[in-house]
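1. quick check, what structure comes out for this input:
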Amino acid sequence: MEDIGFKKLDLDNWKKPDEMTTAFRRLSDGEPKIIQGNDWMRKILKPKLIGQVPIEVKRLFEVVRGAFAYGYYFYPLYTLGTKQLYRVSESAIKHKCRLCSVPKKAKSFCEKLNWLKGQEIISESEHTKWTATRKLRNITSHPDNQSILMPSMAITHLSLSSEMINKLFEDI
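-> As a prediction, the model looks like this:
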């Protein structure tokens, strides 16, 4: 079988945990223990979106969470979910701009972020974080090769994104 650098799905392995995911360990009583699926799920389920976040954004966010959950079985889904998470973040900005009646001339993600900063709806530090998300969205939308993120990195992105999205809508 050709080695493609990650699990190649077939009828025998598609329901089994990915060996890459089960390679991760945590210390328990001084001993390394495999991080089980439920351990990953607890981390994946921890970030939440607040009630004021538009339902459209929440739906997109839950699809990302689902991709992460099934990353336990197919490791590249952590990366695919993270790429989708950047688009979820862009959607959150679009929804915030609609609520704030952003001028029609602010069409791009960048222009929307700059308008929100100019209106002091987001702070300078928030603008910096959102700009980093925008740049990551751009980079990951035009890949030359398959990148692979570690689950912990993907889950960190999920947590940070949920915090940023919640902050956008907490005053509504």
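2. when you work out contacts or count neighbours from here on, use the C-alpha atoms and nothing else.
-> Fine.
3. return whichever strand or helix holds Lys117 as CSV; C-alpha atoms alone will do.
-> Under DSSP states H and E, the secondary-structure element containing Lys117 is helix 109-118. Once side chains and other backbone atoms are set aside, the C-alpha atoms of helix 109-118 remain, and they are given as CSV (Å, rounded to 0.1, in the frame of the first residue of the first chain):
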residue,chain,number,x,y,z
PHE,A,109,-12.6,40.5,5.5
CYS,A,110,-9.8,43.0,5.9
GLU,A,111,-12.0,46.0,5.2
LYS,A,112,-14.6,44.8,7.7
LEU,A,113,-11.9,44.3,10.4
ASN,A,114,-10.5,47.8,9.7
TRP,A,115,-14.0,49.3,9.9
LEU,A,116,-14.8,47.6,13.2
LYS,A,117,-11.5,48.8,14.6
GLY,A,118,-12.1,52.3,13.3
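4. strands along the chain, start to end?
-> 25-28, 31-34 (DSSP state E).
5. now do the first one: everything it contacts.
-> For strand 25-28, the surrounding residues in contact (Cα atoms under 8 Å, 6 or more residues apart in numbering) are 32-35.
6. you'd agree Ile165 is up against Glu90?
-> No: with contact taken as Cα atoms under 8 Å, Ile165 and Glu90 are classed as non-touching, separated by 9.7 Å.
7. what are the boundaries of the helices in the protein?
-> Assignment of helices within the chain using DSSP state H yields the ranges 19-22, 37-45, 55-70, 76-99, 109-118, 124-141, 151-169.
8. Serialize those helices to a markdown table and add fields for distance to Gly5, mean pLDDT and mean neighbour count.
-> Below are these laid out as a markdown table (distance: least, Cα to Cα, whole Å; pLDDT from 0 to 100; neighbours: other Cα atoms under 10 Å):
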| stretch | distance to Gly5 | mean pLDDT | mean neighbour count |
| --- | --- | --- | --- |
| helix 19-22 | 10 | 88 | 17 |
| helix 37-45 | 22 | 95 | 15 |
| helix 55-70 | 18 | 98 | 19 |
| helix 76-99 | 10 | 97 | 21 |
| helix 109-118 | 34 | 97 | 18 |
| helix 124-141 | 19 | 96 | 16 |
| helix 151-169 | 16 | 97 | 19 |
